[in-house]
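A.B. asks: Make a model of this:
(3 chains)
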Amino acid sequence: MPTFVQILDFIGTFAFAISGIRLASAKRFDWFGAYVVGFVTAIGGGTIRDLLLDVTPAWMLDPIYLICTGLALLWVILFGHYLIHLNNTFFIFDSIGLALFTVVGLGKTLDAGYAIWVAIIMGSITGAAGGVIRDVFINEIPLIFRKEIYAMACVAGGTLYWLCSLAGLEAFVCQTVCGVTVFATRLLAVKYNICLPVLSGHEGGGSKKV
Amino acid sequence: MPTFVQILDFIGTFAFAISGIRLASAKRFDWFGAYVVGFVTAIGGGTIRDLLLDVTPAWMLDPIYLICTGLALLWVILFGHYLIHLNNTFFIFDSIGLALFTVVGLGKTLDAGYAIWVAIIMGSITGAAGGVIRDVFINEIPLIFRKEIYAMACVAGGTLYWLCSLAGLEAFVCQTVCGVTVFATRLLAVKYNICLPVLSGHEGGGSKKV
Amino acid sequence: MPTFVQILDFIGTFAFAISGIRLASAKRFDWFGAYVVGFVTAIGGGTIRDLLLDVTPAWMLDPIYLICTGLALLWVILFGHYLIHLNNTFFIFDSIGLALFTVVGLGKTLDAGYAIWVAIIMGSITGAAGGVIRDVFINEIPLIFRKEIYAMACVAGGTLYWLCSLAGLEAFVCQTVCGVTVFATRLLAVKYNICLPVLSGHEGGGSKKV
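C.D. replies: Numbers count the residues shown, from 1 in each chain, chains lettered A, B, ... in the order given. This is a model prediction of the structure:
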């Protein structure tokens, strides 16, 4: 079974790296900057999770993530102009990555002995925090705070994992349900343009709030 | 005694979360984004401190911080328009949180066996770093770098803790003096509009500085 | 030999802190903000490296970095207007710091038992990540992603370290070659205005990419 998960992991890393490299290219970053932003988008969430869990980040043990980001950069340099026509393909890849990263983060946290609610947060961090660092690096307000259902899909998947495990289902079944839920929630949210309510703008705290 | 400290901790967390949620709402974040910004404002400083001290962040061991942030979000959604009249109340709560977080961060660092100057820095990080992450997320220059006495109040409190412990006073007395100093410094600084000098603008380093 | 390395470390820390303080002053930060930005520029890269390697950050064990940043702030406050004439001097200091930080980061990572490619990344993080945090704090897109050869000089130095160690040379020789390579690459890149290619601007991912 590792081969199948590794293939999904590679696809997810590639899609996340592409997403970072494309946004970096829109800001006219050089190749090095684009590579770094792509790499951080792909491994940033998992790295924050691993720092919080006090384990060694996965990318420090296996050069596959570096290589995968390199291939993503090569892809954008060579076929950049064709990427526009592949938006839907990359959206699918990105959603596969999101689902897989959530399942992996959830599993690693439970293995480390934490409660399920910590695992749900770690699954969401694994899936979504890389994109937050990416947006900070390109000096934009993180997209996931303002638009669409993204990290909430991870939370939904994690919650269903919880319900499945409460119902006594096996870990593999819980993981599959979780991954499919993340993937389906993300797809449906984009297809039907489902958003969370926006907080109406209060003035942001006045002169006394810091 | 734990109950009293826990109540102060809850008040501080609530006030910090409110501060994050209000600034997020001014930038038209959705509910999820506002929740995340509120949560990170409340627990960000302590998390950075715990990563540096190599201990497990407190919020991963107790769901109270998640719940408290949820209540803060509910409060802003329901009573947002009334918050403006409560600016002074929240300023007091925020200052209580600042004082308490400083004392907690200082104590945890000393317990971990570090020098007092490390503890003063960690106390200030506990109190002020959450607001820095908040401002990075909403894409603003961190307020504490430009305006008012905020983190300097933590440094003042930590320094008085040091002097008290040099004078041989008991830990509880040192902590009380530290907390009161932070609280009073913050209040007086805002009341009398005391600021640190601004560095006059040099051009920022020319083409050769990176 | 420790004295010589410590002098270089002090020079590098001072130069990095000056770079942070000058950019903070261009944004009209107060003294506290300028100090924090200077400190984070100097120790940020090493701190991220130490968190990833799971060791205690160097600045928590020795107050020299705090003192050095304080001297840098004093320097800018007192002699700010004369700094413009010293651009070339500080550029040399900054490049010495970059070279030394790379060698130190590489060595620490190899000592911790990681592969050479991890050490090259850690050397680059030690040299360049402080500047990235600095630019995030002053709300600018990190310079190293868009301009000049900076972190790539660290990668070049690290790669030559690798080749030297493959050739069976002693650690001290490898370190010297690495440091000189970083320093020379940085100087030549600025002197001859050598840049990496920029990724041509694609639109950044459309509405579906997050």
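
A.B. asks: what bits of chain A have low per-residue confidence?
C.D. replies: For chain A, the stretches with pLDDT under 70 are A:1-3, A:81, A:83-85, A:201-210.

A.B. asks: can you rerun that using 90?
C.D. replies: Within chain A, the stretches with pLDDT under 90 are A:1-12, A:15, A:19, A:22-23, A:25-28, A:78-97, A:143-150, A:171-172, A:190-210.

A.B. asks: What values do phi and psi take at A:Asp30?
C.D. replies: Dihedral pair for A:Asp30: phi -80, psi 180, per degrees, to the nearest 10.

A.B. asks: contacting residues for the residue in chain A positioned nearest to chain B?
C.D. replies: Per Cβ to the nearest Cβ, A:Phe145 is where chain A lies closest to chain B, at 2.8 Å. Just so you know, the C-beta spots here come from the backbone N, C-alpha and C atoms, and that holds for glycine as well. Counting by Cβ atoms under 8 Å, 6 or more residues apart in numbering or on different chains, A:Phe145 touches B:Ala24, B:Phe29, B:Asp30, B:Phe32, B:Gly33, B:Ala34, B:Val36, B:Val37, B:Phe137.

A.B. asks: again, 10 Å this time
C.D. replies: A:132, A:135, A:151, B:24, B:27-30, B:32-37, B:137-138 (Cβ atoms under 10 Å, 6 or more residues apart in numbering or on different chains).

A.B. asks: what's the most centrally placed residue in chain A in contact with, if anything?
C.D. replies: Chain A has A:Gly127 as the residue nearest its centroid, 2.7 Å off, counting by Cα atoms, centre = their mean. Going by Cβ under 10 Å, 6+ apart, A:Gly127 touches A:12, A:16, A:45-46, A:49, A:97-106, A:144, A:150-151, A:153-155, A:157-158, A:182, A:186.

A.B. asks: Against A:Val136, how distant is the residue of chain A closest to chain B?
C.D. replies: Per Cβ to Cβ, to the nearest Å, A:Phe145 is found 11 Å from A:Val136.

A.B. asks: what touches both of the two?
C.D. replies: By Cβ under 10 Å, 6+ apart, A:Phe145 and A:Val136 have these common neighbours: B:Phe137.

A.B. asks: in chain A, which spans are helices?
C.D. replies: Assigned by DSSP state H, chain A shows helices spanning A:2-26, A:31-53, A:64-79, A:87-111, A:116-137, A:151-166, A:171-191.

A.B. asks: Looking at chain A, which residue is nearest chain C?
C.D. replies: A:Gly33 (2.8 Å).

A.B. asks: Skipping its backbone neighbours, what lies nearest that residue in space?
C.D. replies: C:Phe145 (2.8 Å; Cβ to Cβ, 6 or more residues apart in numbering or on different chains).

A.B. asks: go on, A:Cys154?
C.D. replies: Leaving out its chain neighbours, the residue that sits closest to A:Cys154 by Cβ to Cβ, 6+ apart is A:Ser124, at 3.8 Å.

A.B. asks: That neighbour: how many residues sit nearby?
C.D. replies: A:Ser124 has 30 neighbours, counted by other Cβ atoms under 10 Å in any protein chain shown.

A.B. asks: what residues are up against A:Val5?
C.D. replies: The contact partners of A:Val5, taken as Cβ under 10 Å, 6+ apart, are A:Leu100, A:Val103, A:Val104, A:Gln175.

A.B. asks: do the same with A:Ala17
C.D. replies: Applying Cβ under 10 Å, 6+ apart to A:Ala17 gives the contacts A:34-35, A:37-43, A:65, A:68-73, A:75-76, A:97, A:130.

A.B. asks: Buried among those? Need that as a selection in PyMOL.
C.D. replies: Selection of buried members from the contacts of A:Ala17 for PyMOL, criterion 16 or more other Cβ atoms under 10 Å in any protein chain shown:
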select buried, chain A and resi 34+35+37+38+39+40+41+42+43+65+68+69+72+73+75+76+97+130
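
A.B. asks: The contacts of A:Ala17: which ones sit near chain B?
C.D. replies: When Cβ under 10 Å from any Cβ of the partner chain is applied, no member of the contacts of A:Ala17 is adjacent to chain B.

A.B. asks: ok, back up a step: so the residue nearest to A:Cys154 sits right up against A:Cys178, yeah?
C.D. replies: No - assessed by Cβ atoms under 10 Å, A:Ser124 is found out of contact with A:Cys178, at 11.5 Å.
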